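# could you work out the structure for the sequence below:
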Amino acid sequence: MDKYSDQKRAVHFLFPPINPFDQCMLDVGQGHRVYVEQSGNPDGIPVVVCHGGPGGGCSPAMRRFFDPDVYHIILFDQRGCGRSRPFAEVSDNTTWHLIKDMEQIRQHLNIDRWIVFGGSWGATLSLIYAQTHPDRVMALVLRGVFLMTTSELQWFYGGDAGRFWPEAWARFVAPVPDNERADLIGAYHKRLFSGDLAEEKRFGQAWSAWENALASISSNGVSVEPPGDYARAFARLECHYFSNGGFLDYDGQILANMGRISHIPGIIVQGRYDMICPPASAWRLNELWPNGELAMVRDAGHALSEPGITLELVRAMKRIADWSDL
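Now for the predicted structure:
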C-alpha cells in the first residue's frame, strides 16, 4: 500500500474539518508575533497543540484529532515559523521563549489549566512546559517522543538511522565536504546561516528531505522536495535548536525532572518503527511516569498521518474527555 492510500485510511479516524472561530497575532516581545487560533467549543475542555520541528508550524489537520463539541482547541505557530513573524528568525528564539509564549497564550485566553498535546519536538516542548508549569497542565498526550538528548541527535544526524536508509543518507551528506561530515549539524548550520539565500534554501531542502524521507513506515526513502522558503525556515530553526542542545541545562534533563509531573496523567502514542524518534525514548519516559500510559503502535513510524498513530491519538482524546478527575 502506498503512502497516499495510507493517509486516506487515516482520515477516516478523524473528526470532520472545522474552521477557527478566532485568529490573532499575539505580540510576545523581542519583536516576535505569534499566530494563535481557536476552534471547537469555546466552553469545552481546553487543549493546546505543540507542533513539531522546531519550525514545522501548525496545520488545519491538527484540529481534527479533537471532538469540536467537547474540546476548546488552541493551535499556535512557534516563533519564527508558520504564520508567526518574523519568519525564520532565530534571535530571541529558545525553548524558554516558547515556554513563556505558551504561558502568555494561556493567560491571554483566560484559561486556568489545559491539556497539552504534542508530537516529536512538540512532545519535547510539552514535557518541558509541564515540568515548568505543572499546576497548569490537566493531562499530556505525546506522540513520537523526542527527549532532546545527545544520543537521539547522534541517531538521526550521526549516521545510525542512515544504516537503515543508506540511499537517503547518501543524499543528505552529499552536499557536505568529507572533512566536515563528522559534525553534520555544525556543517549544515554553517550553510543555513551563511547569508547566501540560495545556499540557505538549498541546504534547507536537503535537511528537510532527509527527515521527510524517514517519516512514514510506508516511505520508499524519497520525499517530495519541500518549497525553498519553508525548508529554509524549518531547517534553520531545527539546526539552531539542535546546535544548542535544545537550550536545556544538561543532557537528559527531561527524564531527570519527571518527578515534577509524576501526578499528571498522560498517554504516549509511539510508532514501533519510528526511525526519527526511536521507541526507546518513549519507553524510558513511560518507565519514569507513574500516571503515564504507553500505546506502542504496530506497523507505524513517525508521521502523524499514519493510520495507527491517528487512531490511537483520537482514542486518547476520547478517553481523556471521560476522565472525571481532570
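# what's whichever strand or helix holds residue 235 in contact with?
Using DSSP states H and E, residue 235 sits in helix 228-243. Contacts to helix 228-243, defined as C-beta atoms under 8 Å, 6 or more residues apart in numbering, come from residues 53-56, 80-81, 87-88, 90, 93-95, 121, 153, 157, 185-186, 188-189, 192-193, 197, 200-205, 207-209, 225-226, 247. Any C-beta I mention is one placed from the backbone N, CA and C, and that applies to glycine too.
# secondary structure class for residue 270?
strand (DSSP: H, G, I helix; E, B strand; the rest coil).
# what's the neighbour count on the closest residue to it other than its chain neighbours?
Distance criterion C-beta to C-beta, 6 or more residues apart in numbering; nearest residue to residue 270, sequence neighbours excluded, is residue 282 at 3.9 Å. Neighbour count for residue 282, taken as other C-beta atoms under 10 Å: 26.
# now list the buried members of the contacts of helix 228-243.
Buried subset of these (neighbour count, 16 or more other C-beta atoms under 10 Å): 53-56, 80-81, 88, 90, 93-95, 121, 153, 157, 185, 188-189, 192-193, 200-205, 207-209, 226.
# show me the strands in the protein, by range?
For the chain, applying DSSP state E gives strands covering 22-29, 32-40, 45-50, 71-76, 114-119, 137-143, 266-271, 292-297.
# okay if I get these as TSV plus distance to residue 130 and mean neighbour count?
As requested, the strands of the chain are exported to TSV (distance: least, C-beta to C-beta, whole Å; neighbours: other C-beta atoms under 10 Å):
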stretch	distance to residue 130	mean neighbour count
strand 22-29	20	14
strand 32-40	20	21
strand 45-50	11	24
strand 71-76	16	25
strand 114-119	6	26
strand 137-143	5	25
strand 266-271	8	26
strand 292-297	11	18
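# tell me where the stretch 101-250 of the chain is predicted with low confidence.
Scanning the stretch 101-250 of the chain for pLDDT under 70 picks out nothing.
# let's see that with 90 instead.
219-227 (pLDDT under 90).
# do you have the helices of it handy? List them.
Assigned by DSSP state H, counting those that start in this stretch, the stretch 101-250 of the chain shows helices spanning 121-132, 150-157, 166-173, 184-192, 197-213, 228-243.
# which of those is buried the deepest?
Highest mean neighbour count of the helices of the stretch 101-250 of the chain: helix 121-132, a mean of 25 (counted as mean count of other C-beta atoms under 10 Å).
# and it, C-alpha only, in CSV?
Output of helix 121-132 as CSV, limited to C-alpha atoms (Å, rounded to 0.1, in the frame of the first residue of the first chain):
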residue,chain,number,x,y,z
TRP,A,121,9.7,18.2,19.1
GLY,A,122,6.1,19.1,20.2
ALA,A,123,6.4,16.3,22.7
THR,A,124,9.7,17.8,24.0
LEU,A,125,8.1,21.2,24.4
SER,A,126,5.0,19.7,26.0
LEU,A,127,7.1,17.9,28.6
ILE,A,128,9.3,20.9,29.4
TYR,A,129,6.2,23.2,29.7
ALA,A,130,4.6,20.7,32.1
GLN,A,131,7.8,20.4,34.2
THR,A,132,8.0,24.2,34.3
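# separation between residue 57 and residue 270?
Distance of residue 57 to residue 270, given as C-beta to C-beta, to the nearest Å: 23 Å.
# still on that earlier bit, would you mind giving the helices of the stretch 101-250 of the chain as a markdown table with distance to residue 319 added?
Output for those, formatted as a markdown table (distance: least, C-beta to C-beta, whole Å):
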| stretch | distance to residue 319 |
| --- | --- |
| helix 121-132 | 18 |
| helix 150-157 | 28 |
| helix 166-173 | 36 |
| helix 184-192 | 38 |
| helix 197-213 | 30 |
| helix 228-243 | 32 |
